[in-house]
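Participant: Dropping the sequence and predicted coords here.
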Amino acid sequence: MKHKLLFLLSVCFSSILYSQEKEVNPPFHIKTISFVQNGQNVIPLFQLGDSFQLQFDDLHGTEDNYYYKITHCDYDWKQSQLSINEYLVGFDNQRIQEHINSLNALQIYSHYRIPFPNKLTQLKVSGNYVISILNEDQEVVFARKFIVYEPLVSVPMQVKRARNVKDVDFKHNLDFAVRSNTITFQSPLQNVKVLLLQNGKFNNAISDIKPMYTVGNDLIYKYDRETQFWAGNEYLFFENKNIRGANNSIARIDTEGGLYNCYLYTSNARAKNPYTYWPDINGNFSIKNISAENDEIEADYAWIYFTLSAPSFYENKDIYITGMFNNHALTDENKMEYNEKKGIYEKALMIKQGFTNFIYTIADKNGKIDESNAIDGNFFQTENNYFAIVYYRENNQRYDRVIGKGVATSTDIIN
């Protein structure tokens, strides 16, 4: 009986120790969470040794104390077997020291910044990471994934049209290879893994793709279905760098309630319309106040009023406003509400001023995205960026290294 109890305790402890790490969405008062590199909001994919920052705003504006914790993960986002001193130089669970209050903004907020590497924390190895922001009670306020890679392989990629006739106008297919002059792959079918991302999103990533075949030390991926993404449509946008001025994306502005209110023109579902070239930044956003010197603390927040005219088909599902500005999160805060009197979907979101890409995402009640019935349709002409992240674990190695990445754009699509 004693041995059985010890066994059960060890199993429970192991499941806790190596549990899957997930992103945690923030509460309402935490806004504009972004990974920043060279002054630009970026997809969280960094070369080992590069400098980057995590930034966010707290609408409380009281300079609350926050702490950060970093967890190293395996390919499947379960906590790796490495101890903290094996993947970090220094310490984590440190108080965020760089923060400053907003200036000349109607909405007060405190702006926080964590640079990496810093004098207390440096990353030692490549891999999947989760950074968690904690409050003074050591409760997780939010958590974000990021990936650190080593440039040890080349990953030539090509976006092609789908080979299946019924999908040829609606999907993108990825052909790629993994090549290295520095690594001789051991058991590549088991030890090499790939993660495919469309515009840096994790919620529709493709994983567990094995090489179709090998040629010497080259790994070849030429699948018909396994590496296909729904192409989607170009992102919509609004621009309020001059927060007091209406423009071709904002119908009118007022300050009722003490903050700026920006009412966007009503969007119409584009699925039945022909594809129209509409340059976007693939879901990204840029914080900008044209009247300010420091956008990080002088850009204001505004209530953005979205309205969508969509077919009644969507009434049985949920519609969300998503983009990098909210980490594509399918939360109640981002879910639209149907106005039966007007026959349209409505939602107001508080968003920091600048240039923001967004799209309407449809999902079922369980949060599963329905890309095949996308509100704005799927068109092979859509410009998307694709990433192939390559993981490798040598025999007897204790963690999954990220040994390279490939990048391709569908502007270069071929048949």
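Facilitator: Looks like it came in fine. Numbers count the residues shown, from 1 in each chain.

Participant: the domain parsing of this protein - what is it?
Facilitator: Recorded structural domains for the chain (assignment: automatic domain parsing) are 20-149, 157-231+381-412, 260-363.

Participant: Closest to the centroid, which residue in this protein?
Facilitator: Centroid check for the chain by Cα atoms, centre = their mean gives residue 201 as the closest residue, at 4.4 Å.

Participant: Skipping its backbone neighbours, what lies nearest it in space?
Facilitator: Leaving aside its sequence neighbours, residue 201 sits nearest to residue 328 (Cβ to Cβ, 6 or more residues apart in numbering; 5.5 Å). Just so you know, the C-beta spots here come from the backbone N, C-alpha and C atoms, and that holds for glycine as well.

Participant: repeat for residue 176
Facilitator: Distances taken as Cβ to Cβ, 6+ apart place residue 157 nearest to residue 176, at 4.1 Å, with adjacent residues excluded.

Participant: what about that neighbour, distance to residue 347?
Facilitator: Using Cβ to Cβ, to the nearest Å, residue 157 is found at 36 Å from residue 347.

Participant: likewise residue 356?
Facilitator: 14 Å.

Participant: again, but for residue 24
Facilitator: Where residue 347 is concerned, residue 24 sits at a distance of 22 Å (Cβ to Cβ).

Participant: which residues in the stretch 151-300 of the chain form helices?
Facilitator: Along the stretch 151-300 of the chain, the segments classed as helices by DSSP state H, counting those that start in this stretch run 188-191, 295-298.

Participant: What residues of the first one count as buried?
Facilitator: The neighbour-count criterion (16 or more other Cβ atoms under 10 Å) identifies residue 188 as the buried residues of helix 188-191.

Participant: What of stretch 287-306?
Facilitator: The neighbour-count check on stretch 287-306 (16+ other Cβ under 10 Å) flags 287-289, 292, 295-306 as buried.

Participant: Stretch 216-232 too?
Facilitator: So for stretch 216-232, counting by 16+ other Cβ under 10 Å, buried means 218, 219, 221, 227, 228, 229, 230, 231, 232.

Participant: Now residue 189: closest residue in space, sequence neighbours ignored.
Facilitator: Of all residues not flanking residue 189 in the chain, residue 210 sits nearest, at 5.5 Å (Cβ to Cβ, 6+ apart).

Participant: again, but for residue 407
Facilitator: residue 387 (5.8 Å).

Participant: Could you report the pLDDT at the one you found?
Facilitator: Note for residue 387: predicted pLDDT of 98.

Participant: and it, what does it touch?
Facilitator: 43, 45, 196, 197, 200, 405, 406, 407 (Cβ atoms under 8 Å, 6 or more residues apart in numbering).

Participant: Now residue 334: phi and psi?
Facilitator: Dihedral pair for residue 334: phi -100, psi 0, per degrees, to the nearest 10.

Participant: what about it, how many residues close to it?
Facilitator: 23 (other Cβ atoms under 10 Å).

Participant: give me the low-pLDDT residue ranges for the stretch 151-300 of the chain?
Facilitator: Along the stretch 151-300 of the chain, no part satisfies pLDDT under 70.

Participant: Recalculate using a threshold of 90.
Facilitator: When residues are selected by pLDDT under 90, those of the stretch 151-300 of the chain lie in 163, 216, 224, 248, 278.

Participant: Break down it into its strands, ranges please.
Facilitator: Taking DSSP state E, counting those that start in this stretch as the criterion, the stretch 151-300 of the chain carries its strands at 157-161, 171-178, 192-198, 201-206, 213-215, 218-221, 228-230, 236-239, 250-254, 260-264, 267-268, 285-287.

Participant: May I see the buried residues of stretch 216-232 arranged in a markdown table, with distance to residue 104 as well?
Facilitator: A markdown table is the format used below for those (distance: Cβ to Cβ, whole Å):
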| residue | distance to residue 104 |
| --- | --- |
| 218 | 57 |
| 219 | 54 |
| 221 | 52 |
| 227 | 49 |
| 228 | 48 |
| 229 | 43 |
| 230 | 43 |
| 231 | 42 |
| 232 | 38 |
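
Participant: Closest one of these to residue 106?
Facilitator: residue 232 (35.0 Å; Cβ to Cβ).

Participant: how about the closest one, what does it touch?
Facilitator: With contacts defined as Cβ under 8 Å, 6+ apart, the neighbours of residue 232 are 198, 359, 371, 374, 376, 377, 378, 379, 382, 384.

Participant: So which of those is the closest to residue 398?
Facilitator: Closest to residue 398, out of all of the contacts of residue 232 and judged by Cβ to Cβ, is residue 198, at 30.8 Å.

Participant: Look up which residues are beta-bridged to that closest one.
Facilitator: For residue 198, the beta-bridge partners under DSSP bridges are residue 201, residue 386.

Participant: picking that back up, neighbour count: residue 24 and residue 347, which is higher?
Facilitator: More neighbours surround residue 347 than the other of residue 24 and residue 347, with 18 against 14 (other Cβ under 10 Å).

Participant: That one against residue 334, yeah?
Facilitator: Yes - shown here, residue 347 and residue 334 form a contact pair, counting by Cβ atoms under 8 Å, at 7.4 Å.

Participant: Find residues that contact each of the two.
Facilitator: Among the neighbours of residue 347, those also in contact with residue 334 (Cβ under 8 Å, 6+ apart) are residue 321.

Participant: I figured residue 91 was touching residue 120, is that so?
Facilitator: Yes - shown here, residue 91 and residue 120 form a contact pair, counting by Cβ under 8 Å, at 5.6 Å.

Participant: Which of those two has more residues huddled nearby?
Facilitator: Ranked by neighbour count (other Cβ under 10 Å), residue 91 and residue 120 place residue 120 first, with 14 against 11.

Participant: Next, work out how far apart the more buried one and residue 415 are.
Facilitator: 52 Å.

Participant: Fine by me, thanks again.
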